[in-house]
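Engineer: Take this sequence and fold it.
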Amino acid sequence: MRSSSAAPIPEGVKPFRSALGKDVSYRFSTPGAYVYKCTPHYGQGMVGIVIVGDTPENLSAIAAKKYPGKADKRIEALLAPLT
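Structural biologist: You can find the predicted model right below:
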């Protein structure tokens, strides 16, 4: 991804972001679901979800959030098998 960030993320986790065109790595240590996005293509649906642990407690917060453009439908499709 060209530039990415994570939101929403589990409570208490510091948000992270990468610079445009730079690789980023992140070690997920707090259980939960993390939504990440490609900043320039967010509205076109370039999003994903990382699940850490067995049963994420923050799925309802992710489902309740409104996402721009095609990202909303993409998140809905990604959440479907998890709920």
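Engineer: Mind giving me the packing neighbours of the longest helix along the chain?
Structural biologist: Taking DSSP state H as the criterion, the chain has its longest helix at helix 71-79. Using 3 or more Cβ pairs under 8 Å, 6 or more residues apart in numbering; DSSP states H and E, the elements in contact with helix 71-79 are strand 47-52, helix 59-64. C-beta here means a position set from N, CA and C on the backbone, and glycine is covered the same way.
Engineer: CSV please, covering these and showing mean pLDDT and distance to Gly21.
Structural biologist: Converted to CSV, the helices and strands packed on helix 71-79 look like this (pLDDT from 0 to 100; distance: least, Cβ to Cβ, whole Å):
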stretch, mean pLDDT, distance to Gly21
strand 47-52, 93, 19
helix 59-64, 92, 27
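Engineer: Check those for me and report the most buried one.
Structural biologist: Neighbour counts (mean count of other Cβ atoms under 10 Å) averaged over each of these peak at strand 47-52, with a mean of 16.
Engineer: Run through the bridge partners of the most centrally placed residue in the chain.
Structural biologist: Centroid check for the chain by Cα atoms, centre = their mean gives Val35 as the closest residue, at 0.8 Å. Under DSSP bridges, the beta-bridge partners of Val35 are Ile49.
Engineer: what pLDDT does it get?
Structural biologist: Listed pLDDT for Val35 reads 90.
Engineer: Please apply the same query to Arg2.
Structural biologist: 49.
Engineer: again with the one 5 residues further on
Structural biologist: Model confidence at Ala7, given as pLDDT, is 66.
Engineer: Contacts only, for Leu78.
Structural biologist: Going by Cβ atoms under 8 Å, 6 or more residues apart in numbering, Leu78 touches 47-49.
Engineer: For His41, see how far away the residue nearest to Ala33 when sequence neighbours are not counted is.
Structural biologist: Leaving out its chain neighbours, the residue that sits closest to Ala33 by Cβ to Cβ, 6 or more residues apart in numbering is Pro56, at 3.8 Å. Counting by Cβ to Cβ, to the nearest Å, the gap from Pro56 to His41 is 24 Å.
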